[in-house]
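J.: give me a 3D structure for the following:
(2 chains)
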Amino acid sequence: GAGVSQSPSNKVTEKGKDVELRCDPISGHTALYWYRQRLGQGLEFLIYFQGNSAPDKSGLPSDRFSAERTGESVSTLTIQRTQQEDSAVYLCASSLGRVKQGPSYGYTFGSGTRLTVV
Amino acid sequence: QQQVKQSPQSLIVQKGGISIINCAYENTAFDYFPWYQQFPGKGPALLIAIRPDVSEKKEGRFTISFNKSAKQFSLHIMDSQPGDSATYFCAASKAGNTGKLIFGQGTTLQVKP
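T.: Have a look, this model is predicted:
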């Protein structure tokens, strides 16, 4: 597609429920990243997918968080047993990968999913 | 561990003035330093980027100054306009194809008419 698409754009859930967030990257982009942005704060790295390589899960804050990606397409971020501290905007980004993109390397971000846990 | 520190947290500038945002990094393995601009309700968008083999890069009204020995880099917005009002993030990444970006905490810029 023309850009990175995330759904839903907003999600309100009750504490303890599971949520699933979706990201459709730009077609052909092999690299996909998830970040979390708490209110008024910077972007916190969660997980990174690159082609068929093992994902870099080093940023996942707890075992309640998991993510999957099917090949080089859609990714889902799942948060189990949500807590109020999980309230944030979850941003997905994709890129061709730093080597392919060269000096103009950068991510293209989606508009994010605003998650509110009540 | 905060690997990229950004300041100030917020900034108010008059129209036509110069906006300056600073970042400092710790990891000498970082070799790529982009700046992102984010408007409310939108994802961040790449604004300008620099590599450590140059000390300055200019694109229109936006300039990155880079000081490798001090491990600092800054964004200068010349002739600031109300439309520049947004949140700005610096970031850094290491060599290699991962391209994982480590972001600063962000600076909210308000340009007053």
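J.: now do the closest residue to B:Lys71 other than its chain neighbours, the pLDDT please.
T.: Leaving aside its sequence neighbours, B:Lys71 sits nearest to B:Tyr25 (C-beta to C-beta, 6 or more residues apart in numbering or on different chains; 5.2 Å). Backbone N, C-alpha and C define where each C-beta goes, glycine included. On pLDDT, B:Tyr25 comes in at 96.
J.: A:Ser27 versus B:Tyr25, what's the distance?
T.: 33 Å (C-beta to C-beta, to the nearest Å).
J.: so for those two, which residue has more residues nearby?
T.: Each of B:Tyr25 and A:Ser27 has its neighbours counted (other C-beta atoms under 10 Å in any protein chain shown); B:Tyr25 has more, 21 against 10.
J.: and that one, what are its bridge partners?
T.: Beta-bridge partners for B:Tyr25, by DSSP bridges, are B:Val4.
J.: what residues are up against it?
T.: For B:Tyr25, the contact set (C-beta atoms under 8 Å, 6 or more residues apart in numbering or on different chains) comprises B:3-5, B:33, B:71-73, B:92.
J.: stretch A:14-33 near chain B anywhere?
T.: Yes. Residues of stretch A:14-33 are located near chain B by C-beta under 8 Å from any C-beta of the partner chain, namely A:31, A:33.
J.: picking that back up, what is the nearest of the contacts of B:Tyr25 to chain A?
T.: B:Val4 (8.3 Å; C-beta to the nearest C-beta).
J.: name the nearest residue to the residue in chain A that chain B sits nearest to, ignoring sequence neighbours.
T.: Nearest to chain B in chain A, going by C-beta to the nearest C-beta, is A:Phe109, at a distance of 3.0 Å. Using C-beta to C-beta, 6+ apart and skipping the chain neighbours, the partner closest in space to A:Phe109 is B:Gly43 (3.0 Å).
J.: the one you found and B:Pro8, how far apart?
T.: 23 Å.
J.: among those two, which residue is more densely surrounded?
T.: Neighbours were counted for B:Gly43 and for B:Pro8 using other C-beta under 10 Å; B:Gly43 has more, 23 against 12.
J.: isn't there a helix covering that one?
T.: No. B:Gly43 is assigned coil when assessed by DSSP: H, G, I helix; E, B strand; the rest coil, not a helix.
J.: in contact with it, which residues?
T.: A:4, A:91, A:93, A:109-112.
J.: all helices of chain B, in order?
T.: Assigned by DSSP state H, chain B shows no helices.
J.: nearest to chain A: which residue in it?
T.: B:Gly43 (3.0 Å).
J.: so what does that residue look like in phi/psi?
T.: phi -80, psi 160 (degrees, to the nearest 10).
J.: and the pLDDT for residue 103?
T.: Using chain A. As predicted, A:Pro103 sits at a pLDDT of 58.
J.: hm, I was asking about chain B
T.: 93.
J.: got the contact list for it?
T.: Neighbours of B:Phe103 in contact, by C-beta under 8 Å, 6+ apart: A:35, A:42-45, B:4, B:36, B:89-91.
J.: nearest to B:Val54 among those?
T.: B:Val54 lies nearest to B:Cys90 out of the contacts of B:Phe103, by C-beta to C-beta, at 16.3 Å.
J.: isn't that closest one right next to B:Gly104, touching?
T.: Yes. Using C-beta atoms under 8 Å, B:Cys90 is in contact with B:Gly104, at 4.4 Å.
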